[in-house]
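>>> Sequence and computational prediction follow.
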Amino acid sequence: RLQWAEITPLTSSLGNRARLHRKKKKKKDILSVDELEKNSKKSDDYSSLLEKIRKQVDIENSSTYTRKPHDEQTSLEATVVMSTVSEEVDAHAETVVLDRNELVHAIENEQAKEIKKEEVEESPVVLEVLGLKKRIGLKTIVEDITFDMHEGEIIGLLGPNGSGKTTIMRMMVGLTKTTKGDVYCFEKPLGLGKTAMLKEVGAMIETPEFYNYMSGWSNLKQIARVCGKKVTRARMKELVEFVGLKKVIRKKVKTYSLGMRQRLGLAQALLNDPKVLILDEPVNGLDPQGVQDFRNKLKEIAATGVSILISSHLLDEIEKVCDRVIVIEKGRIIADDKLENLVADEIIKTLIKTHDVEKTELLVRELGVRYELTKDGFVFENLSREEKSRIISYLVNNNVELDTIRELHTSLEDRFLQITGGERK
């Protein structure tokens, strides 16, 4: 039997243990509450972030789309409405409902268009000319000629007589030995003694030569045998029709005019279905209608992916057909740029011609506008739309009869003369 004095300390010890247990439990409960508050705070942060994202989407899209829940048991569609953020709401505006799948499909289509656009802009290089040099004795004909050709590109090679255009073309196809430099077609060497890639190149250098005692058709057959590719009879007929020689193709070449020979030369250059076409003065001897037909045919050929290098002394024809222009002077490249960049005007000039020059000059001076009086009329530089309207209105209100109003643009011929230092005669 325990005495009271022994029971009292035991009871006290048990009570202390109980109190300690309760404190620990309370502390654990407090920690749980803190964790809950922390989790709640994180949840609030996520909710706030989602709300911001939703508002941003509202602003950018301003549309309504329908989202299907993943729960298979629910057949109803959950519709999420994105309100249009606008100061003025049109009550009659039509609400567009977009399915999520349709939205994804539309985005994929846009991305595909962007990729296709980049591919068009960055078409592959089909031919590279690297540092070509030609030296005869102590005289350097051409030096450091470097450029490349892209798929479907038409390049105009321009230069004064004797600048080396024909020499460059002859070195490219192996008709002339190079002193220095390399030519690559689809990353494979091309030139004198390097004939493996000639089957991918069609050329008409200077005046095309044929067997005069044979017909045009027989000449094409002979060239087809040695071109390196199989050429079908159907292909030959197609080319004859394409160059417009169907009526005379069975006649002997000695009866052909210069224009007919040029057309036959184009046909033989296209026989092997080349990827690169090199043409030296191809419109020589052609009448105006023939020149126009030839220009249209070049555009048709380029549209199939064929790259064309063409030299010509008819600058207006080069301007109408080429995408890019390379200017040669004294055997060196002095300009190589897109045609639109080459002829772009830094100063936009406006020509106004009237029937009363003296009165017009007095009125223009009253307006305080700078001008230059030429034989063609009054030339103004960089006029704004408002300034142009003010000048015209002021002249008309003062009974001045206007003859011509137009913008003056720099032609390829003007730019060519500027680059080469020539003068218009």
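Thanks, I have the structure now. Note that the coordinates shown come from a computational prediction; the quantities given were computed from them, not determined experimentally.
>>> would you list every one of the strands in the stretch 51-200 of the chain?
Taking DSSP state E, counting those that start in this stretch, the strands of the stretch 51-200 of the chain run over residues 64-67, 78-80, 97-99, 125-136, 139-150, 154-158, 180-185, 188-190.
>>> now those strands in JSON lines, with distance to D287, mean pLDDT and mean neighbour count?
Where C-beta positions appear, they are placed from N, C-alpha and C, glycine not excepted. Listed next are those as JSON lines, based on distance: least, CB to CB, whole Å; pLDDT from 0 to 100; neighbours: other CB atoms under 10 Å:
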{"stretch": "strand 64-67", "distance to D287": "63", "mean pLDDT": "42", "mean neighbour count": "15"}
{"stretch": "strand 78-80", "distance to D287": "69", "mean pLDDT": "40", "mean neighbour count": "11"}
{"stretch": "strand 97-99", "distance to D287": "59", "mean pLDDT": "51", "mean neighbour count": "13"}
{"stretch": "strand 125-136", "distance to D287": "32", "mean pLDDT": "90", "mean neighbour count": "18"}
{"stretch": "strand 139-150", "distance to D287": "30", "mean pLDDT": "91", "mean neighbour count": "17"}
{"stretch": "strand 154-158", "distance to D287": "21", "mean pLDDT": "91", "mean neighbour count": "24"}
{"stretch": "strand 180-185", "distance to D287": "34", "mean pLDDT": "90", "mean neighbour count": "18"}
{"stretch": "strand 188-190", "distance to D287": "34", "mean pLDDT": "87", "mean neighbour count": "16"}
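>>> Tell me who's in contact with S311.
By CB atoms under 8 Å, 6 or more residues apart in numbering, the residues touching S311 are G156, L157, L158, G159, K165, T166, M169, L279, D280, E281.
>>> ok, those vs W217, which is closest?
W217 has its nearest neighbour among the contacts of S311 in L279, at 22.1 Å by CB to CB.
>>> helices and strands around the helix or strand containing that closest one, which ones?
Per DSSP states H and E, L279 falls inside strand 276-280. With contacts defined as 3 or more CB pairs under 8 Å, 6 or more residues apart in numbering; DSSP states H and E, strand 276-280 has these neighbours: helix 165-172, strand 201-204, helix 258-269, strand 307-311.
>>> Include distance to E110 and mean pLDDT when you put these into JSON lines, please.
Below are the helices and strands packed on strand 276-280 laid out as JSON lines (distance: least, CB to CB, whole Å; pLDDT from 0 to 100):
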{"stretch": "helix 165-172", "distance to E110": "41", "mean pLDDT": "90"}
{"stretch": "strand 201-204", "distance to E110": "39", "mean pLDDT": "90"}
{"stretch": "helix 258-269", "distance to E110": "41", "mean pLDDT": "89"}
{"stretch": "strand 307-311", "distance to E110": "30", "mean pLDDT": "92"}
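>>> Make TSV from the ones you listed and add distance to I141 to it.
Shown next, in TSV, are the helices and strands packed on strand 276-280 (distance: least, CB to CB, whole Å):
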stretch	distance to I141
helix 165-172	5
strand 201-204	19
helix 258-269	24
strand 307-311	15
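>>> among these, which is nearest L220?
helix 258-269 (6.2 Å).
>>> Pull the contacting residues for N284.
Counting by CB under 8 Å, 6+ apart, N284 has contacts T207, L258, Q262.
>>> List the contacts of the helix or strand containing F242.
Following DSSP H and E, one finds F242 within helix 233-243. Defining contact as CB under 8 Å, 6+ apart, one finds that helix 233-243 is touched by 216-217, 220-221, 224, 246, 249, 263-264, 266-267, 270-271, 273, 297.
>>> list the buried ones in that helix?
Neighbour counts over helix 233-243 (16 or more other CB atoms under 10 Å) mark R235, M236, L239, V240, F242, V243 as buried.
>>> Ok, stretch 273-283 next?
P274, K275, V276, L277, I278, L279, D280, E281, P282, V283.
>>> Okay, helices next: where are they in the stretch 251-400 of the chain?
258-269, 288-303, 315-321, 339-342, 357-367, 385-397 (DSSP state H, counting those that start in this stretch).
>>> Out of these, which gets nearest to D414?
D414 lies closest, by CB to CB, to one member of the helices of the stretch 251-400 of the chain: helix 315-321, at 9.4 Å.
>>> Just the buried residues of that closest one, please?
Per 16+ other CB under 10 Å, helix 315-321 contains these buried residues: L315, E317, I318, E319, K320, V321.
>>> residues contacting the last one?
Think V321. I154, G156, R295, L298, K299, I310.
>>> Torsion angles phi and psi at G193?
Torsion angles at G193 (phi, psi; degrees, to the nearest 10) stand at phi 80, psi 0.
>>> For the remainder of this discussion, apply numbering that starts at 36.
Renumbered: residue one is now 36, and that last one reads G228.
>>> how close does it get to K169?
From G228 over to K169 the distance is 16 Å, taken as CB to CB, to the nearest Å.
>>> Next: G412.
48 Å.
>>> do E421 as well
Distance check for E421 against K169: by CB to CB, it reads 56 Å.
>>> Also D315?
Taken as CB to CB, the span from D315 to K169 is 15 Å.
>>> and of the buried residues of stretch 308-318, the nearest to P224?
Of these, the one sitting nearest to P224 (CB to CB) turns out to be V311, at 14.0 Å.
>>> who wins for neighbours among the contacts of N319?
Q297 (24 neighbours; other CB atoms under 10 Å).
>>> Excluding chain neighbours, what is closest to that residue?
G320 (5.7 Å; CB to CB, 6 or more residues apart in numbering).
>>> Quick check: phi and psi on the one you found?
G320 adopts backbone torsions of phi 80, psi 0, taken as degrees, to the nearest 10.
>>> quick one: it and R298 touch, right?
No: counting by CB atoms under 8 Å, G320 sits too far from R298 to count as a contact (9.7 Å).
>>> neighbour count winner among these two?
Each of G320 and R298 has its neighbours counted (other CB under 10 Å); R298 has more, 26 against 16.
>>> ok, that one touching L280?
Yes: in terms of CB under 8 Å, R298 counts as a neighbour of L280; the distance is 5.4 Å.
>>> Now the two most distant members of the contacts of helix 268-278.
Longest span within the contacts of helix 268-278, CB to CB: K256 and K332, 22.0 Å.
>>> which of those two has more neighbours?
Neighbour totals were compared for K256 and K332, and K332 leads with 18 against 15 (other CB under 10 Å).
>>> roughly how far apart are the residue nearest to the more buried one when sequence neighbours are not counted and S346?
Once flanking residues are discounted, K332 sits nearest to F277: 6.8 Å by CB to CB, 6+ apart. The spacing between F277 and S346, counted by CB to CB, is 22 Å.
>>> And for T339?
Distance from T339 to S346, by CB to CB: 22 Å.
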